[in-house]
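# Starting from these lines, generate the structure:
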Amino acid sequence: MDISSAVPVLSAKWGIPFAGMLLSIALLPLLTAAFWHKHFGKVSGFWALAFIVPYAALFGIGEVSQIVVHAFVAEYMPFIILLAALYTVAGGICVRGNLHGSPRVNTALLALGAALASVMGTTGAAMLLIRPLLRANDNRRHVAHVVIFFIFLVANIGGALTPLGDPPLFLGFLNGVGFFWTTAHLFKPMLFVTVSLLGLFYLLERYYFYHREEERTPFLDPTPDSARFTIEGKINFILLACVLGLVLMSGVWKPGISFDILGTPLALQNLLRDVFLLVVIFVSLRWTSKSARAGNAFAWEPITEVAKLFASIFVTIAPVIAILRAGQAGALGFVTRLVNDEYGQPINAMYFWVTGLLSSFLDNAPTYLVLFNTAGGNAAHLMHEGAATLAAISAGAVFMGAMTYIGNAPNFMVKSIAQSNGVRMPSFLGYMVWSGAVLIPIFALTTLLFFC
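Next up, the predicted model:
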C-alpha cells in the first residue's frame, strides 16, 4: 500500500481494525453463528470504516482515497474476479456415476484432487470432487477420516504449485512473484507432504475398511456402484484452460501501457485479464446446463461471503503492511525480530511456522501478505536471494491452512457439505486433534528437510 509517507507516525494501534476483522472471522462463526451469518457484511464494513474514518481525519480524504483505490484496483478486484471465475467454472462441471469407496479408490480420488487443486484452485477441486467422494462412501460407517484427509490434501496442500491453486499464492503473483516460481520451489516440499499423507491415509483406510468390518457393513448403499460415468458441463474444461491462459498472459506479456487511477497504475495486461475473466464467468453461466449446477448444489453464497470479507481485509491490512515495511524501526518490529536472527538474516524455519500457525487461525491470504512484507516485500529479491524464505512463507500459508476449519475458505464448505450428507464430522477442537496428530509431525519433518 502506498502510505509510506505516514509510516513514521503510524503506531501499532493502526493494526487494530485488521486484527479485529480477522478475529471476527475466526471467532464469531463459532460463538454466534446466527448473528454472523446474517450480519457478516456489516461486521466487515464496520472494521473497514474503523480504519478509513480515523485515517481520513488525521491525514485527509485524499490520502485515504488513494489507499482504498489502491487496495481495490491493484489487489482486491483481481483477487476476487479470479476466485469467482474458478468457483463458477468448477461449479459447472458435474460428475455423475458412483464408485465403490475402497482404500485404493479413495486414495486415488484424494491424489487426483491434490493434482487438480493447483490447476483449478483448492475451492474448485474441492467442490468438484467432494460429492463424488461422499457418494462413493455413503454405505460406510466411518467416513469422517476420508473427509478430513480430503480437506488436508485437496482443499489446501494440493494448491501449492501455482497462483491458481491457493489465494495466498495469487496475492504473491499480484505482487510480482513469477507464475511458475512456486512450481519450481514448492514441488519437493509439496510432493513430500502429499505422499506422506496419502501413505498414512491408505494405511488408515485399510484399518477401517478391513479390521473394523467396513467391507461387510450391512448398510444399504443409497447410490449403487455404477460402471458408467458421465460429465456434464464439459465446456467448463475449455473455460478452465482460458483462465489459466489469461493469468499466464498477464504475467508474461508486458506491453508497458498503464492507466493511472488516483495514483494507482493499472497495467493493460491486468485490465484485459480481469475483463476476459468476467467474460469467462458469463460464458460459463450462459452455456452450462442448469442440471449440472443443480447436481453440484451450486450457490453464490460462499463467493459472496468471501467478496464481502476480503473487501475489508484488503483495506484494513494497508497500515499493517506499511508498518512492517519499516522493519525493526516500525511499530511492529517485534514480528521482524521473531523471524530474523540478531544479524537481521531470515530464519526460514520460523517464517514457515509463524506463517503457518497464523494461517491456521486467521486466513492464509492476508497472513501471507503480512509475512511477505515482513520479509521485505520485494518480489525480485525474494525470488532469488530470498528464495528459501519466500518458499517457507508460501509453504506455511498453503500447508497449514489445513490445521483448522477456518484456515482456508474451502475447509468449512467441505465440512458443511459432508454434514449435509450425513457424515458426523468432528467439532472445531476435534478437527484440531486430527490435524495436530497427523500434520504437525509431517510439517516438523518438512521443516528439517527443506527449511533448515
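# Let me know whether residue 179 touches residue 173 as I believe.
Yes: counting by Cβ atoms under 8 Å, residue 173 is a contact partner of residue 179 at 6.3 Å. (C-beta placed from N, C-alpha, C; glycine too.)
# can you tell me which residues contact residue 133?
Residues near residue 133 by Cβ atoms under 8 Å, 6 or more residues apart in numbering: 101, 106, 109, 146-147, 150.
# Quick check: of these, which lies closest to residue 199?
Taking Cβ to Cβ as the measure, residue 106 is the one of the contacts of residue 133 closest to residue 199, at 13.2 Å.
# which SS state does the closest one fall under?
Under DSSP: H, G, I helix; E, B strand; the rest coil, residue 106 falls in the helix class.
# Looking at residue 179 and residue 173, which one has more neighbours?
Neighbours were tallied for residue 179 and for residue 173 using other Cβ atoms under 10 Å; the higher tally belongs to residue 173 (23 against 19).
# tell me the mean pLDDT for stretch 241-253?
Stretch 241-253 carries an average pLDDT of 89.
# what comes up buried for it?
Within stretch 241-253, the residues that count as buried by 16 or more other Cβ atoms under 10 Å are 242-243, 246-248, 250-251.
# now swap in stretch 298-317 and tell me
So for stretch 298-317, counting by 16+ other Cβ under 10 Å, buried means 298, 302-303, 305-317.
# how about the helices of the stretch 101-250 of the chain, start to end?
Using DSSP state H, counting those that start in this stretch, the helices of the stretch 101-250 of the chain run over 103-136, 144-153, 167-174, 181-206, 235-252.
# which other helices and strands contact the third one?
If I follow you right, that is helix 167-174. helix 77-90, helix 364-374, helix 387-399 (3 or more Cβ pairs under 8 Å, 6 or more residues apart in numbering; DSSP states H and E).
# buried set for it?
Applying 16+ other Cβ under 10 Å to helix 167-174 flags 167-174 as buried.
# List of residues touching it?
Helix 167-174 is contacted by residues 74-75, 78-79, 82-83, 159-160, 162-164, 177, 179, 182, 247, 251, 359, 364-365, 367-369, 372, 379, 390, 394, 397-398, 408-409 when judged by Cβ under 8 Å, 6+ apart.
# residues contacting the residue nearest to residue 177 when sequence neighbours are not counted?
Nearest non-adjacent residue to residue 177, counting by Cβ to Cβ, 6 or more residues apart in numbering: residue 379, 5.0 Å away. Taking Cβ under 8 Å, 6+ apart, we find residue 379 in contact with 172, 175-177.
# Can you pull the phi and psi angles for residue 379?
Dihedral pair for residue 379: phi -60, psi -40, per degrees, to the nearest 10.
# Residue 251 versus that one, what's the distance?
Distance from residue 379 to residue 251, counting by Cβ to Cβ, to the nearest Å: 11 Å.
# before we move on, what about residue 411?
From residue 411 over to residue 251 the distance is 28 Å, taken as Cβ to Cβ.
# Surely residue 259 is in a strand?
Yes: per three-state DSSP, residue 259 lies within a strand segment.
# what pLDDT does it get?
Per-residue confidence at residue 259 stands at 91 (pLDDT).
# ok now do it, which residues does it touch?
By Cβ under 8 Å, 6+ apart, the neighbours of residue 259 are 265-266, 268, 271.
# Let's see that with 10 Å instead.
73, 265-268, 271 (Cβ atoms under 10 Å, 6 or more residues apart in numbering).
# Please list only the buried members of the residues you listed.
Neighbour-count burial within the contacts of residue 259 applies to 73, 266-267, 271; the criterion is 16+ other Cβ under 10 Å.
# For residue 17, state which of the residues you listed is nearest.
Comparing the buried ones among the contacts of residue 259 against residue 17 with Cβ to Cβ places residue 73 closest, at 20.3 Å.
# Residue 132 versus residue 308, what's the distance?
Counting by Cβ to Cβ, the separation of residue 308 from residue 132 is 30 Å.
# nope, residue 377 is what I meant
Distance check for residue 377 against residue 132: by Cβ to Cβ, it reads 41 Å.
# neighbour count winner among the two?
residue 132 (20 against 16).
# picking that back up, any residues in contact with both of residue 179 and residue 173?
Counting by Cβ under 10 Å, 6+ apart, the common neighbours of residue 179 and residue 173 are 162-164, 247, 250-251.
# Pull the most distant pair out of those residues.
Taking Cβ to Cβ, the two most distant members of the shared contacts of residue 179 and residue 173 are 162 and 250; they sit 13.4 Å apart.
# Quickly list what's touching both of these two.
In contact with both residue 162 and residue 250: 173, 179, using Cβ under 10 Å, 6+ apart.
# In terms of helices and strands, where is the nearest residue to residue 44 once chain neighbours are set aside?
Of all residues not flanking residue 44 in the chain, residue 312 sits nearest, at 4.0 Å (Cβ to Cβ, 6+ apart). Per DSSP states H and E, residue 312 falls inside helix 301-325.
# tell me the angle that helix makes with helix 364-374.
Orientation of helix 301-325 against helix 364-374 (axes from the mean of the first three to the mean of the last three Cα atoms, to 10 degrees) gives an angle of 10 degrees.
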